[in-house]
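Novice: no letters, just coordinates:
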């Protein structure tokens with residue numbers, strides 16, 4: 001009897017169509033091919049197609065298409081599955097930039113979430129950007145406080161964009177940065193990702209939700225990821241808001257590689273894990289303020 005892998009290979013060899021997934025549900029997906037939207041059954045057993053995937057399709061009948069295979073992903077953003085931490089959940093695939101959207105006030109800034117996202121983005125092969133939204137809600141003191149919290153990320157070279165969808169602050173700069181690229185917006189619920197999509201590209205027309213009053217937590221305006229093709233040839237993926245984000249499958253000994261500020265610190269041992277080893281330059285730099293102690297603390301927490 002043929003194994004599942006052999007069956008899928010045999011089916012994929014008969015595929016005659018291909019396209020890019022712009023929406024994916026549990027059992028169906030929408031694929032764009034030559035500017036035409038096609039509905040297909042997503043019955044691949046080993047891995048489900050996600051938004052951004054390049055897939056091969058096979059015709060089951062005149063009206064039914066099925067995903068026969070998924071092309072190798074050049075980048076991916078993954079997390080552990082919510083109900084099964086031992087399994088991978090790919091959020092988006094084949095993106096150039098993942099923009100972590102945070103809010104200056106509501107919901108409040110969570111640097112630990114940013115740290116986890118940055119590791120996962122780098123591990124998956126994409127570039128990161130940081131978008132500080134709702135700048136119109138903050139006074140000078142609040143802007144200064146947020147700037148201090150986010151300074152460590154600017155120091156390591158993460159592109160940073162303070163924006164307001166109400167006043168238009170920073171929108172043009174962000175649009176220029178994303179031009180002709182495939183990008184994805186990720187972040188907490190209620191940070192304004194869908195409103196940001198609208199401000200950048202009004203033709204997309206995403207729905208915008210309000211933040212729950214009394215809780216400071218956002219509604220899930222976007223319930224599934226959607227890919228929008230842009231006039232400049234790029235694409236933008238709006239993902240659902242999350243409550244938490246975990247890191248998937250990063251080897252413990254590789255975690256230090258995703259903290260670029262550690263690279264300039266000289267340690268006595270080449271395989272230093274930056275814990276209690278003698279002559280650890282990273283620990284000394286964090287204690288002296290040469291690198292961010294908050295980032296070093298984030299590394300230790302993730303290492304645990």
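Specialist: Nice, thanks for sending it over. Predicted model, so just to flag it, every value in this text is computed and none were measured.
Novice: for the chain, what spans make up the helices?
Specialist: With DSSP state H, the ranges of helices along the chain come out as 4-13, 111-124, 140-155, 171-178, 193-200, 281-288, 293-303.
Novice: can I get these in JSON lines including mean pLDDT and mean neighbour count?
Specialist: The way it works is simple: take the backbone N, C-alpha and C, and place the C-beta from them, glycine included. Shown next, in JSON lines, are the helices of the chain (pLDDT from 0 to 100; neighbours: other Cβ atoms under 10 Å):
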{"stretch": "helix 4-13", "mean pLDDT": "52", "mean neighbour count": "13"}
{"stretch": "helix 111-124", "mean pLDDT": "97", "mean neighbour count": "21"}
{"stretch": "helix 140-155", "mean pLDDT": "96", "mean neighbour count": "14"}
{"stretch": "helix 171-178", "mean pLDDT": "98", "mean neighbour count": "16"}
{"stretch": "helix 193-200", "mean pLDDT": "92", "mean neighbour count": "22"}
{"stretch": "helix 281-288", "mean pLDDT": "97", "mean neighbour count": "18"}
{"stretch": "helix 293-303", "mean pLDDT": "97", "mean neighbour count": "17"}
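Novice: adding distance to residue 25, write the ones you listed out as a markdown table.
Specialist: As requested, the helices of the chain are exported to a markdown table (distance: least, Cβ to Cβ, whole Å):
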| stretch | distance to residue 25 |
| --- | --- |
| helix 4-13 | 20 |
| helix 111-124 | 22 |
| helix 140-155 | 34 |
| helix 171-178 | 26 |
| helix 193-200 | 19 |
| helix 281-288 | 44 |
| helix 293-303 | 32 |
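Novice: can you map out the strands along the stretch 201-304 of the chain?
Specialist: Remark: strands assigned in the stretch 201-304 of the chain by DSSP state E, counting those that start in this stretch are 211-212, 217-218, 226-229, 235-238.
Novice: out of the helices of the chain, which comes closest to residue 246?
Specialist: With Cβ to Cβ as the criterion, residue 246 lies closest to helix 111-124 of those, at 7.0 Å.
Novice: contacts for that closest one next, please.
Specialist: For helix 111-124, the surrounding residues in contact (Cβ atoms under 8 Å, 6 or more residues apart in numbering) are 75-79, 98, 100, 102, 127-128, 130, 149-150, 153, 158, 186-188, 244-248, 250, 255, 258, 294-295, 298, 301-302.
Novice: of these, buried ones?
Specialist: Buried subset of the contacts of helix 111-124 (neighbour count, 16 or more other Cβ atoms under 10 Å): 75-79, 98, 100, 102, 127-128, 130, 149-150, 153, 158, 186-188, 245, 247-248, 250, 255, 258, 295, 298, 302.
Novice: what about residue 82, neighbour count?
Specialist: 12 (other Cβ atoms under 10 Å).
Novice: surely it touches residue 89?
Specialist: Yes: counting by Cβ atoms under 8 Å, residue 82 touches residue 89, with 7.4 Å between them.
Novice: what about stretch 146-166, distance to the chain center?
Specialist: 17 Å (Cα atoms, centre = their mean, to the nearest Å).
Novice: end-to-end on that stretch?
Specialist: This stretch, stretch 146-166, spans 19 Å end to end (Cα to Cα, to the nearest Å).
Novice: and if you look at stretch 115-134?
Specialist: Stretch 115-134: ends 21 Å apart by Cα to Cα.
Novice: now residue 26. Its backbone dihedrals?
Specialist: phi -60, psi -40 (degrees, to the nearest 10).
Novice: is it true that residue 162 touches residue 171?
Specialist: No: if you go by Cβ under 8 Å, residue 162 and residue 171 don't touch, sitting 10.6 Å apart.
Novice: contacts only, for the spatially closest residue to residue 274 that is not a sequence neighbour.
Specialist: In this structure, residue 274 finds its nearest non-sequential neighbour in residue 282, 4.1 Å apart by Cβ to Cβ, 6 or more residues apart in numbering. Applying Cβ under 8 Å, 6+ apart to residue 282 gives the contacts 256, 262, 265, 267, 272, 274, 291, 296.
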